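Engineer: 3D model of this:
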Amino acid sequence: MKILGILGAHKQDGLTATMLNTVLNSVPAPHVTETIYLEDYAFHPDQGEHRDPVLDQLTDKLLESDVWVLAAPTYWGGLAGKLKDFLDCMRGRLVRFDHKGGTHPDRFKNKHYLSITSCYAGTVENFVSGITDNTFRTIDKIMSAAGLIKINELVLPGTLFMKQVPAAKLAACKRLGSKLITKPKRDDNTLKRYIELFCMVAVMAFLTMGIQFLFHLISASEFWLVYVSFVVIFFVLLASILHFFTVVKHRRR
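Structural biologist: Residues are numbered from 1 along each chain as shown. The predicted structure is shown next:
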């Protein structure tokens with residue numbers, strides 16, 4: 001298996017690069033790793049039939065790899081420009097377009113990826129305001145369109161005066177690096193789980209209100225109206241909270 005690191009940062013030896021290198025150095029043998037430092041490549045978008053030769057070279061590296069580790073800082077609440085520019089230039093190669101302009105996964109489908117970012121904002125500020133969320137959303141949107149499967153994400157907050165990556169964060173990088181070879185399968189059971197959740201809410205609500213009815217806390221005339229409204233409201237609120245913590249809210253600390 002080959003793990004490819006893609007570094008979109010101004011510094012090749014900065015904090016974001018240190019996290020990337022720690023992840024890659026923790027990949028166990030005999031698996032191999034390689035790093036692309038995007039500042040070293042003068043790529044440009046394809047122009048019609050004229051394909052950019054530098055993008056051809058980078059595309060070959062992406063195709064040869066099983067896992068991509070995308071690492072870039074968060075600037076102004078979004079993905080750093082170099083990595084964003086690279087992903088923009090790769091748009092026509094990452095996906096296949098239909099006659100209506102819709103995108104579909106193509107030759108990179110079912111590869112895996114890990115996201116790494118850093119930001120000046122402190123841990124508390126990033127946790128509350130989610131400054132790095134847009135960075136992860138941008139990467140996730142592009143990778144999802146290309147058919148890649150997400151492994152995990154790493155964030156390093158409070159980098160403004162930081163001289164070196166904290167030991168705890170390096171340990172987290174090492175743990176993830178050692179597990180990159182055990183790639184997760186794509187999860188397509190979301191709808192099934194929501195149906196199961198609704199059934200569980202319905203059963204528990206019925207039992208709860210049944211007990212209330214036995215103790216004359218709810219009258220028979222209002223039982224079903226209260227039951228249906230309670231199940232629907234409770235399910236919507238619970239599903240929204242679960243969606244927030246599992247999909248929307250990215251790693252911030």
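Engineer: from here on, contacts and neighbour counts on C-alpha atoms
Structural biologist: Fine.
Engineer: which strand residues bridge Gln47?
Structural biologist: His50 (DSSP bridges).
Engineer: that one - how many residues pack around it?
Structural biologist: Other residues within reach of Gln47, judged by other CA atoms under 10 Å, total 8.
Engineer: ok, now how distant is it from Ala145?
Structural biologist: Note on Gln47: its distance to Ala145, by CA to CA, to the nearest Å, is 22 Å.
Engineer: how about the helices in this protein?
Structural biologist: 15-25, 53-64, 81-89, 91-94, 123-129, 133-145, 167-179, 190-214, 223-243 (DSSP state H).
Engineer: most tightly packed of those helices?
Structural biologist: Highest mean neighbour count among the helices of the chain (mean count of other CA atoms under 10 Å): helix 15-25, with a mean of 23.
Engineer: helices or strands next to that helix in the packing?
Structural biologist: For helix 15-25, the packing partners by 3 or more CA pairs under 8 Å, 6 or more residues apart in numbering; DSSP states H and E come out as strand 2-7, strand 67-71, strand 112-118, helix 167-179.
Engineer: so what sits opposite the nearest residue to Leu20 once chain neighbours are set aside in the bridge?
Structural biologist: Distances taken as CA to CA, 6 or more residues apart in numbering place Ala71 nearest to Leu20, at 6.5 Å, with adjacent residues excluded. Beta-bridge partners for Ala71, by DSSP bridges, are Leu7, Ile116.
Engineer: list the contacts of Ala71.
Structural biologist: Gly5, Ile6, Leu7, Gly8, Ala9, Thr16, Ala17, Leu20, Ser115, Ile116, Thr117 (CA atoms under 8 Å, 6 or more residues apart in numbering).
Engineer: mind checking pLDDT for the fourth one?
Structural biologist: Just to be clear, that refers to Gly8. On pLDDT, Gly8 comes in at 98.
Engineer: who's in contact with it?
Structural biologist: Taking CA under 8 Å, 6+ apart as the criterion, Gly8 is in contact with Tyr37, Leu38, Glu39, Leu70, Ala71, Ala72, Pro73, Ala80, Gly81, Lys82, Leu83.
Engineer: pick the one among those residues closest to Lys163.
Structural biologist: Using CA to CA, the shortest approach to Lys163 within the contacts of Gly8 belongs to Pro73, at 15.2 Å.
Engineer: tell me the pLDDT at that closest one?
Structural biologist: 98.
Engineer: for it, what are its contacts?
Structural biologist: Contacts of Pro73 by CA under 8 Å, 6+ apart are Gly8, Ala9, Thr16, Leu79, Ala80, Ile116, Thr117, Ser118, Cys119.
Engineer: measure the most far-flung residue of the chain relative to its centre to Pro45 for me?
Structural biologist: Distance to the chain centre peaks in the chain at His216, reaching 49.6 Å (criterion: CA atoms, centre = their mean). The gap separating His216 from Pro45 is 71 Å, by CA to CA.
Engineer: number of nearby residues for Ser65?
Structural biologist: Ser65: 19 neighbours (other CA under 10 Å).
Engineer: coming back round to it: Throw the helices of the chain into a markdown table and include distance to Ile151, thanks.
Structural biologist: Output for the helices of the chain, formatted as a markdown table (distance: least, CA to CA, whole Å):
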| stretch | distance to Ile151 |
| --- | --- |
| helix 15-25 | 13 |
| helix 53-64 | 17 |
| helix 81-89 | 19 |
| helix 91-94 | 18 |
| helix 123-129 | 21 |
| helix 133-145 | 11 |
| helix 167-179 | 9 |
| helix 190-214 | 17 |
| helix 223-243 | 18 |
